[in-house]
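Peer 1: okay, here's the prediction I keep looking at, along with the sequence it came from:
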Amino acid sequence: MSKRAAVDEKELGERKPPVEQGVARVEARVRDKEYAFDVPLGGNLLSAALRNKVPVDHLCRVGLCGICQVRVAWGDDSLSEPSDAETLLLDEMPLSEGVRLACQAKVLDDLGIEQSDAKRQAPR
Amino acid sequence: MRYFRPARVYVKEEALKYELTDEMVARFNESGIPVEMVKRVRSTFDGTPREQFFEAKRTLVLGVRKKTPLQGCRPSANWQLPFVSGCPGHCHYCYLNTSFGPRPYVRVYVNVDEILAHAEEYIEVRRPMVTIFEGSSTSDPVPLEHWTGSLSRAIEHFAKHPYGRFRIATKYDNVEPFLGLDHRGHTRIRFTVNSKRVVGSWDKATASLSRRLAAAKKIAQAGYPFGFLLGPIVMYEGWENEYVDLVTSIADTFTSEERSRMSLELITHRFTPKAKSIIESVYSDTDLPMDEGERVWRYGQFGYGKWMYPRDAYDAVKQVVQGAIGRMLPQAKVMYLV
């Protein structure tokens, strides 16, 4: 059973919203190192990563600079719907290929993300 | 409309095979601007270093951008993508003053398609991530757009590109060429603005603040993502009220919907020893505050040191300027304060 389904079941019998009732596991590959951390359901992906000392590259945290782009490696439906800022900056194709702004995305279920090493972002 | 009219144009030999060179030379001929073909651009100016500096800035060189690795461009973008280098403006504090030595010609690169193809290689490496290019890191290219058309070509190029985005910044109001373009929101156009004192005293040969705001309004109405760079923020006597006035002017110019598409970048003044030396040489009458005793020494991202405001001054900027933004432009997004 996915964590989201588990949360839905709990929601039936309890008053608190699901966002406060569970955690999702995030596996991250950032600058060629691997990390794993838990995020309260509905929590912000970038904030959770930084809180867990995962060095996700970032700057503005308001969805404009694009520095915090990550690619969803697995768990395609595990993040909230793209925000207006993500739709404006990333547009249809990158979003459909799993690119998200970590500062905008809320974690709804387990997933894996990747952010490549900046040194590898130039052609050789 | 404030745009650049060069005193003379030099065309380098390697630029002759490009179509844009022919187009630009035809425009210069129509405007009566002297054009000379040269193998190498050399100093032809007499006078003091200051006089040579001013003449060089009135000189336009058409050349070819060599295919060298692109430079990084934090915090505003991933990579610099220059179509122009050098600037016809005379902003006393400008970091470009340190980049071009004693011959700060304005250089236009006519191999626009090759530059865009080079950018494509960088996009391909990061794909499917979006790659963001900054077109204004080595110049203010906007006052040359009516001669070059290169920004318009870049805007249309990136409009069709799923993985490439473009950003430019300007202190000019020559935005008409951009208004009818199919930009698809892939280019963000920012206007550098400043307080009444800074624009009046140290932003020379640029558009007035009211013209920049009017140009920004046109860009907003054309549906572009847009914004303002407030910088360099200079802390002179009475700076607080004048920066609040600036934020008020911005807020009064835009509708609530337009403000929600507005980005703000806040940059405090800093200077290198080399820049101070050049500034005091070519703008010898400047009263731009550059007292090292009021600053702290820090190393920047490119490894050289600079004199910056100390932490408490930075906190004051945050309180005054960001505070005013919070009150008057709550819909706008502050990207950073450096």
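Peer 2: Yes, it's here. Being a predicted model, the structure only gives us computed values, none of them experimental.

Peer 1: what about residue A:72, distance to residue B:228?
Peer 2: 33 Å (CB to CB, to the nearest Å). (C-beta placed from N, C-alpha, C; glycine too.)

Peer 1: three-state assignment of residue 60?
Peer 2: All of this is about chain A. coil (DSSP: H, G, I helix; E, B strand; the rest coil).

Peer 1: which residues sit in contact with the residue nearest to it when sequence neighbours are not counted?
Peer 2: Spatial nearest neighbour of residue A:60, chain neighbours left out: residue B:335 (3.9 Å); criterion: CB to CB, 6 or more residues apart in numbering or on different chains. By CB atoms under 8 Å, 6 or more residues apart in numbering or on different chains, residue B:335 lies in contact with A:59, A:60, A:62, A:64, A:65, B:75, B:76, B:227, B:263, B:264, B:265.

Peer 1: please indicate which of those residues are buried?
Peer 2: A:59, A:60, A:62, A:64, A:65, B:76, B:227, B:263, B:264, B:265 (16 or more other CB atoms under 10 Å in any protein chain shown).

Peer 1: just to be sure, the last one is in a strand?
Peer 2: In other words, residue B:265. Yes. Judged by three-state DSSP, residue B:265 forms part of a strand.

Peer 1: ok, and the closest non-adjacent residue to it?
Peer 2: Per CB to CB, 6+ apart, closest to residue B:265 is residue B:229, 4.6 Å.

Peer 1: go on, the fifth one?
Peer 2: Of all residues not flanking residue A:65 in the chain, residue A:59 sits nearest, at 4.5 Å (CB to CB, 6+ apart).

Peer 1: switch the buried ones among the contacts of residue B:335 over to a markdown table; also include pLDDT and distance to residue B:310.
Peer 2: Shown next, in a markdown table, are the buried ones among the contacts of residue B:335 (pLDDT from 0 to 100; distance: CB to CB, whole Å):
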| residue | pLDDT | distance to residue B:310 |
| --- | --- | --- |
| A:59 | 91 | 23 |
| A:60 | 93 | 24 |
| A:62 | 94 | 27 |
| A:64 | 93 | 28 |
| A:65 | 92 | 26 |
| B:76 | 75 | 24 |
| B:227 | 97 | 28 |
| B:263 | 96 | 27 |
| B:264 | 97 | 23 |
| B:265 | 95 | 21 |
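
Peer 1: now residue B:51: phi and psi?
Peer 2: Main-chain dihedrals, residue B:51, degrees, to the nearest 10: phi -60, psi -40.

Peer 1: for the residue nearest to it when sequence neighbours are not counted, give me its contacts.
Peer 2: Closest residue to residue B:51 apart from its sequence neighbours, by CB to CB, 6+ apart: residue B:45 at 7.0 Å. Residues near residue B:45 by CB under 8 Å, 6+ apart: B:51, B:52, B:55, B:56.

Peer 1: residue B:237: how many residues sit nearby?
Peer 2: The burial count assigned to residue B:237 is 7, neighbours taken as other CB atoms under 10 Å in any protein chain shown.

Peer 1: that one looks like it's in a helix, true?
Peer 2: No. Applying three-state DSSP, one finds residue B:237 to be coil, outside a helix.

Peer 1: measure it to chain A for me?
Peer 2: Distance of residue B:237 to chain A, computed by CB to the nearest CB, to the nearest Å: 32 Å.
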